[in-house]
Each structure stands twice: as structure tokens, then as C-alpha cells.
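A.B. asks: Sequence first, predicted model second:
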Amino acid sequence: KFRFTIVFQGSYKDIKKENEKYEHYYKEQKCFDVSQFDQFLEAMKRPLPAVFRITGYKKHAKQLLKNMKRNHFEDLTEMVIGEETIKPPVPLPWYPDELAWQTDLNRGQIRKVPQLQNFHSFLIAESESGHITRQEAVSMIPPLLLDVRSHHKVLDMCAAPGSKTAQIVELLHRDENNAIPDGICVANDKDNKRCYMLVHQIGRLHSPSTIIVNHDASNFPEILVKNDVGEEIPLRYDRVLCDVPCSGDGTMRKNTDVWVKWNQANAIYLHRTQYRILLRGLELLGSGGQLVYSTCSLNPIEDEAVVAAAIQHCGGAVEVIDADLPGLKWSPGVSKWRVMDRDMNWYETHDEVPENKKKNLSYSMFPPGGQDVMEKMHLERCMRLLPHQQDTGGFFVAVLRKTKPLPWQKDEAKMETKSETNGSETKIQAPPRKKRKWEPGFKEDPFVFLSSKDEATSSQITSFFGLKDFPMDQVLTRTTSEKKKQLYFVSKLVKNIVETNIDHVKVINTGVRVFSRSANTQNDLECEFRLVQDGSECIEPFMATRVVPIQIEDVKRFLLEEQPKYEDLSEQLREKLKDVAPGSMIYKYQPENDDADVACELLLCGWRGTFSSRLYMNNHERMHFLNMLGVPEGEKKEEKENGGEEEK
């Protein structure tokens, strides 16, 4: 998240991986063992290995992992590229369930080397369908340390481009028996254009429990929700992620231009913004909740200084807690550091700073007290990840717990005290509502929930698909016109937030697409809408009809043939389809036992025609299901040449 506009004139290949100021600064700062500095520097100069993870909340994760090992990793064993022998991929020892893998192959090799073409195609298809995310290893750590549960309300304050947000969403959906978790993820970014990167990244996960918003994190608005009696109260989060904008000097292995751009003033410029974002995150965090503060910088001015200043300002309401991941190597945070000005002069304390420089070198950049004060802050519980420890980028992360309302949150403190003394339910009155100021960026289409005037549409859909207890009032459209084309589903809490904050929160996107107006022109269709693959996990548990059991042989035929005729399907499936009227439906595969070759449930949106049947899914989803079945690359290429139907 590098925010500077210094321009490097020339090719990245021409960059000399040296910076005397950088080396001098970190040797003198002594924020890690100086005896390891040469190892640290050599690691920084090496290319970063490629890392990817399988999305953990999908039922398909274990099946995909099994087929990936069998069909792709065996080909990578002892592969030689040029004169270099490539080691096979290895799982990250600290990531749960072997769902994150690292390979010595860099992205360029994966993309260009002919022997890796099948592996590259596999990664692209699975990335586009949301089942694999290519992500830097250290970037995966903050969401794991958040310890997200399915009922948690989570705020990601600086979310774009969205890889960490995607992990949070996965963790919300960790209960595979509940496709609609009680919790929520509010993903925010200040940059309007970067919000659309979030839309793409999060949209792959098909979650009804996410909202993407566009605000300055340091001044993030008070989101309101209506309680059971209709009162508007401020939303307090169980978990907050502050992955703040930083100088990025831990990313030199990936962003080689940082070797040229780095100077000691970068951290000074960003420190105040980082501090304001962290404070705002702590304000929005509920008592007992946890906040993770992280940067891809190793500079204590952006790291421990920000954490220490926030702890001091919060007057005993916030503490750094122990955090670890088994198998992860890291160094403890520091409690002593110095500040360097633009002229490369060092200062131990703020009192040493000349008057004419105190405006730029603020008190919060320095350790806020002597040894006794610093020991009580337990900054050693912060985690410093160094590139030579586990072949990663450089990173900093701290887990903070809010033990009580902050000193200036008097109303919340009073209400908590009242709740503790008389057992009454805590109620916090919302502050006076402020209208959102105009902010630049594309004007969003409206979010319009189905209402009584849409009764005909709701009844038609409910009746045709046999929807039982499905909350149609949580279905929305992005148009005010009568003829709606796309219908999206959101959780109950998301609906509450969207409707309650329409005037002062800039919502960019929310909801998973569940229904689409059918392009079929047959006049005898009972329903004008068809199901969408994106929303199959959400909608299928509510369907009493039009869910047809299917065996793996027929699944394969549907995936390899665009529109198989009924006589080509198994007799068992033909019998089941006799009682299904033409129109949209779901094919459902369920394994007979855990030892089945495909040992997970598969849901495939299809169409039952008069003489044939077909699937409604895009090419990336089709390739994903072929990967799940372990279909050889030759058969998949033949199917691709025939052209799978792109869902619209």
C-alpha cells in the first residue's frame, strides 16, 4: 500500500538493489538483531516466492487440494528450468489444514514456462472462480490473528485490493452448514477506484454478508443499526483490521522500486495518518473486541510508535495481547527506538528535537516514557516478520484488545456500568445523524429491496422454486424500473445497515446474485427468472422443489458437453427429470461416503429444456468443477474449444 509518487526513470530490471540510507538507518535503529543484518539484506534482494491459498470456507477445499497434489504437484517434482532445479511446492507450516502453499517458482516463470502451462491455467481458473487466491504469505497473517467467528461483526478499514478481506469473509463462512452467517464484514477503502478491485475480489466468494463502502478510514462514519424496538444505535465491531497505508519498505522483494524510493521521511509523513486510523478503529471496536494493526513496513515510527501512542492516549482501555501461529517464526517488537529527521540527525526523545522541527517530528513518534512505562505496554508482544526467517517479505503486526470504552466515550461507559449493576440490556443512543458530504467518485445505482409492490415477482419465484421460509424481503435490485433483471440476496444485518444508513454511508456494493431474468423467450414458462450459480449455496437449502440428485458420470457429461440430449444421460437421471417442468433448476451431487473419488457436495445450476438440459455457469466455474472431478487436461481443452456458455 505504497502511497508516494516518486517516479523512477527506467526499467525495473535496471534497479540496483542498494540504498545506503536504508542500510544505515536499520543498522543504527537496531530494531532487530544486527548480527543477522547481512542475512536480512541478502534475503531482501532475492525474488519473492509465489504463494497461493485455497479458500477455506468452501466445501470444495479438501477435494481441490487432493486433486491439485495429484494432478499438478507431481509434475513439479524436481523440475529443471535452465540450470536450476525447482523444489516441489510446500505447505506453509503455520497456515491451517495445508490450505496455503509456497513454491520457488516466481510469477513470471509460472506464466511463461511451457511445462507449467497446465498449472498456470489451473491457477487462473480457480482464482477467477474464487477457490484459490494468489497472495503474499505475510499478508495472510492478520486475518488469522483476528480470530474471526461466524457471528462476529468485522470492519476492514483499509481493505483494497482485498486479499485479507477475502480471508475474513472465508472465516465468517467457516460453518459449512450455515450459508448465511449472523456476522458481517464491512470492507472500506478511501480510494473510489480501488473499491472496485474489492468488488471483484470479494464478489468471487458469493457472500450475502459483506458490504463494500467508500470512506476515509481516519474519519470513518458511525454506522447505525435498528434494534428490535426500532431504535437506531451505533454499530460496534467485534473485530477490526487496520492494515494501514505505509512506506512499504518490507516489500522490496516484490516492489523493487522501493530500493530507489526509500528515504527516512516516508515514515514521518505517514505516521499521523496511521495513528488517526488506529484511534478511529479503536473507537469503533466494542469492549472486549480485538483489533489487528499491521503494516508491510519494518520502521518502528510506523509500527511500535503508532501502537504505543494509541495505548497511551486510550488511558488503560487498550492492551497488546499475546499472539502466535504455530510454526510461524517472528521477532518480538521493540520498546526503544530513535527518530531521524530529513538531515539524518538522530533524536532519542522529543525534547531533543529543535523547535523548528517539532512540527514535523511529533511527540507520538517517540517512545512515550521510560523503561517502566514501556515495559507495561508489552510491545514485545508485537510481531516483526523478517524476510530471512521464513523466506517472506517484511511485515509488522500487533493484536490489541479493548478492555473498556475509551475515556472520551462517556455515554458507552455509563451504559456498560448500568448494564453491569442492574442487569438491564445495554442501549447506546445514536449521536445526531449527519448527512454524508459529497465525495468524488462514480454515483452508485440505488439499492432497492423488494416490497409489497413486487408481490407478483416474489410469489412467482417462491412458488416455482418451492422456497420455504426464504426471506424475500432481503432480496434487492439495483434499479428503480419495474422490469428487474438481476436480484441480489443479503443477510438480515446487511439489509438493516443499508436501509438505516442510506443518507450518510457510501455503499459501493453488497449482496450475492441469486436470480436473473431469463433470456428464454418461451411463452409457456412458469417463471420469468432463473437461478444463478453465484447464489446456489444460499438458495438451495430453502428449495423444496427443482433440486435433482445427480451422479458423477452425468456431472462430467454436463461439464464436457454444452447441451447433452436426454438419451445421452443416465437412465436414473432421465427418470428424475420426467417430473420436472421446463425451466431453471439445481443439479445436486452428494457423495455416498467420505472415501468417494469426489468426496464433497456439488451444486450446479442448470436448465431443463424440452429435448435437452444444460448448465448455467461461466467458463471459469465450469473449469473449476472439471478440476474437482480430476478430468485430464486434454479433455478440458477439448471442452474449452467447443465453447462453454458464459453466464450473463
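C.D. replies: Arrived safely, thanks for sending. Residues are numbered from 1 along each chain as shown.
A.B. asks: Packing partners of the top helix by length along the chain?
C.D. replies: Longest among the helix segments of the chain by residue count, using DSSP state H, is helix 265-284. Using 3 or more Cβ pairs under 8 Å, 6 or more residues apart in numbering; DSSP states H and E as the contact test, the elements touching helix 265-284 are strand 237-243, strand 285-295, helix 304-313. C-beta: built from backbone N, CA, C; applies to glycine.
A.B. asks: How far off centre is the first one?
C.D. replies: Its chain's average C-alpha position is 13 Å from that of strand 237-243, according to Cα atoms, centre = their mean, to the nearest Å.
A.B. asks: what does that strand contact?
C.D. replies: Strand 237-243 is contacted by residues 1, 142-143, 146-149, 151-159, 164, 168, 183, 186, 217, 277-278, 281-282, 284-286, 289-295 when judged by Cβ atoms under 8 Å, 6 or more residues apart in numbering.
A.B. asks: Low-confidence stretches in this protein?
C.D. replies: 1-14, 413-442, 521-523, 634, 636-648 (pLDDT under 70).
A.B. asks: domain ranges for it?
C.D. replies: According to automatic domain parsing, the chain comprises the domains 46-134, 138-335+367-402, 448-517, 546-642.
A.B. asks: What are the boundaries of the strands in the stretch 351-500 of the chain?
C.D. replies: Along the stretch 351-500 of the chain, counting by DSSP state E, counting those that start in this stretch, strands occupy 383-385, 395-402, 448-449, 475-477, 486-489.
A.B. asks: Determine which of the ones you listed approaches L198 most closely.
C.D. replies: For L198, the closest of the strands of the stretch 351-500 of the chain is strand 486-489, at 16.2 Å, according to Cβ to Cβ.
A.B. asks: residues making contact with the closest one?
C.D. replies: 208, 450, 474-478, 510-517, 529, 535, 538-539.
A.B. asks: try 10 Å
C.D. replies: Strand 486-489 is touched from outside by 180, 206, 208, 447, 449-450, 454, 457-458, 461, 470-472, 474-479, 495, 509-517, 529, 532, 534-535, 538-539, 648, with contacts defined as Cβ atoms under 10 Å, 6 or more residues apart in numbering.
A.B. asks: Show me how to select, in ChimeraX, the buried members of those.
C.D. replies: Buried residues within those, by 16 or more other Cβ atoms under 10 Å, are selected in ChimeraX with:
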select :180,206,208,447,449,450,454,457,458,461,470,472,474,475,476,477,478,495,509,510,511,512,513,514,515,516,529,532,534,535,538,539
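A.B. asks: How much space separates G609 from A581?
C.D. replies: 11 Å (Cβ to Cβ, to the nearest Å).
A.B. asks: before we move on, the earlier item: switch the domains of the chain over to a markdown table; also include distance to E18.
C.D. replies: Converted to a markdown table, the domains of the chain look like this (distance: least, Cβ to Cβ, whole Å):
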| stretch | distance to E18 |
| --- | --- |
| domain 46-134 | 14 |
| domain 138-335+367-402 | 7 |
| domain 448-517 | 42 |
| domain 546-642 | 42 |
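A.B. asks: Pick the most deeply packed of these.
C.D. replies: Ranked by mean neighbour count, the domains of the chain are led by domain 138-335+367-402 with a mean of 21 (mean count of other Cβ atoms under 10 Å).
A.B. asks: Measure how far that one is from the centre of its chain, please.
C.D. replies: The answer for domain 138-335+367-402 is 12 Å, by Cα atoms, centre = their mean.
A.B. asks: Can you get me the start-to-end distance on it?
C.D. replies: 25 Å (Cα to Cα, to the nearest Å).
A.B. asks: just stretch 223-237 next, same as before
C.D. replies: 10 Å.
A.B. asks: again, but for stretch 494-512
C.D. replies: Note: stretch 494-512 ends 12 Å apart using Cα to Cα.
A.B. asks: ok, now stretch 65-77?
C.D. replies: End to end - Cα to Cα - stretch 65-77 spans 16 Å.
A.B. asks: Show residues contacting that stretch.
C.D. replies: Stretch 65-77 has contacts (Cβ under 10 Å, 6+ apart) with 52, 54, 60, 86-91, 97-99, 101, 103-105, 115-116, 118-119, 122-123, 126, 132, 597-600, 626-633.
A.B. asks: closest to Q590 out of the helices and strands packed on helix 265-284?
C.D. replies: Comparing the helices and strands packed on helix 265-284 by Cβ to Cβ, strand 237-243 comes nearest, at 34.1 Å.
A.B. asks: Parallel or antiparallel, which strands does that closest one pair with?
C.D. replies: strand 153-156 (parallel), strand 285-295 (parallel) (DSSP bridges).
A.B. asks: Going along the chain, name the helices of the stretch 1-150 of the chain.
C.D. replies: 20-29, 37-45, 61-68, 74-76, 107-112, 117-128, 141-146 (DSSP state H, counting those that start in this stretch).
A.B. asks: Mind putting these into CSV with distance to N618?
C.D. replies: Shown next, in CSV, are the helices of the stretch 1-150 of the chain (distance: least, Cβ to Cβ, whole Å):
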stretch, distance to N618
helix 20-29, 46
helix 37-45, 40
helix 61-68, 18
helix 74-76, 27
helix 107-112, 22
helix 117-128, 8
helix 141-146, 27
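A.B. asks: OK, contacts around the closest residue to R46 other than its chain neighbours?
C.D. replies: Using Cβ to Cβ, 6 or more residues apart in numbering and skipping the chain neighbours, the partner closest in space to R46 is R253 (6.4 Å). Residues near R253 by Cβ under 10 Å, 6+ apart: 17, 43-49, 136, 387, 391-394.
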